[in-house]
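1. take this sequence and fold it.
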Amino acid sequence: MSTRFTVAASMMMFFSTFSFVQASDQGEGVVRLGGEIVESACGLDAATADQTIEMAPEPIGRLLRSAEGKPHPFQLRLVDCSLSRPDPLRPGQSLPDWQHLQVTFDGERDRGGRSFATFGSSQGVALHIVDAFGQESTPGEPMPLHPVTDGDITLHYTLRLIGNGRPLVAGAHSAAVRFKLNYY
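-> Next up, the predicted model:
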């Protein structure tokens, strides 16, 4: 099974460049780049921003006996975290320090919105994400707050297949799960 995680946040800047050329044999053009600068306490390590987790084949018997598959750990690594927040509108002044971050996983829903849907030729399974403290992720709902500290932070999660109440059918499947980080 293949699961792709992509980060929802992006950092880009707005630019508009106009070129005026006097020579008659030159062409004209306009280059427009668009984007956004976001305020953030941490950077996201590029190796954890876009992950593919290949899950080994899961025997139907194990899923029938335990109602869940083998755990597959993954991490989100936040780098260069800083609690301080300079105020961009008042040079030399600061905003209140960052204190918490919150992760929201999102994707197609299954099990009445409690897990993530899989797609493919298999049937009867969904994906379930749990953090290192045993707190379950619900698609589109923020997970509990996590304290922000200076330096690097690694957030640990476990992904596993779970029965969705439909009959199990062997086959390949995949899913896409996005995540978003909010800082407070």
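
2. quick one: contacts for residue 85?
-> 39, 41, 94, 95, 96, 97, 98 (Cβ atoms under 8 Å, 6 or more residues apart in numbering). Just so you know, the C-beta spots here come from the backbone N, C-alpha and C atoms, and that holds for glycine as well.

3. kindly state the pLDDT recorded for the fourth one?
-> If I follow you right, that is residue 95. Listed pLDDT for residue 95 reads 93.

4. give me the secondary structure label for residue 48.
-> Three-state call for residue 48 (DSSP: H, G, I helix; E, B strand; the rest coil): helix.

5. wait, isn't it in contact with residue 76?
-> Yes - using Cβ atoms under 8 Å, residue 48 makes contact with residue 76 at a distance of 5.1 Å.

6. least confident secondary structure element in this protein?
-> strand 15-18 (a mean of 28; mean pLDDT, DSSP states H and E).

7. buried ones in the lengthiest helix in the chain, by neighbour count?
-> In the chain, with assignment by DSSP state H, the single longest helix is helix 60-66. Using 16 or more other Cβ atoms under 10 Å as the test for burial, helix 60-66 gives residue 63.

8. and it, C-alpha only, in PDB?
-> What follows is helix 60-66 as a C-alpha-only set of coordinates in PDB (Å, rounded to 0.1, in the frame of the first residue of the first chain):
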ATOM      1  CA  ILE A  60      -6.600 -11.000   5.600                       C
ATOM      2  CA  GLY A  61      -6.400 -13.400   8.500                       C
ATOM      3  CA  ARG A  62      -4.500 -10.900  10.700                       C
ATOM      4  CA  LEU A  63      -7.100  -8.200   9.900                       C
ATOM      5  CA  LEU A  64      -9.900 -10.600  10.700                       C
ATOM      6  CA  ARG A  65      -8.300 -11.700  14.100                       C
ATOM      7  CA  SER A  66      -7.100  -8.300  15.300                       C
END
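
9. and after it, which helix or strand comes next?
-> strand 72-81 (DSSP states H and E).

10. now that following strand: mean pLDDT?
-> Mean pLDDT, computed over strand 72-81, is 95.

11. which stretches of the chain have low pLDDT?
-> Residue ranges of the chain with pLDDT under 70: 1-38.

12. now do 90
-> Counting by pLDDT under 90, the chain contains low-confidence ranges at 1-40, 46-56, 61-67, 86-89.

13. which strand runs longest in this protein?
-> strand 151-163 (DSSP state E).
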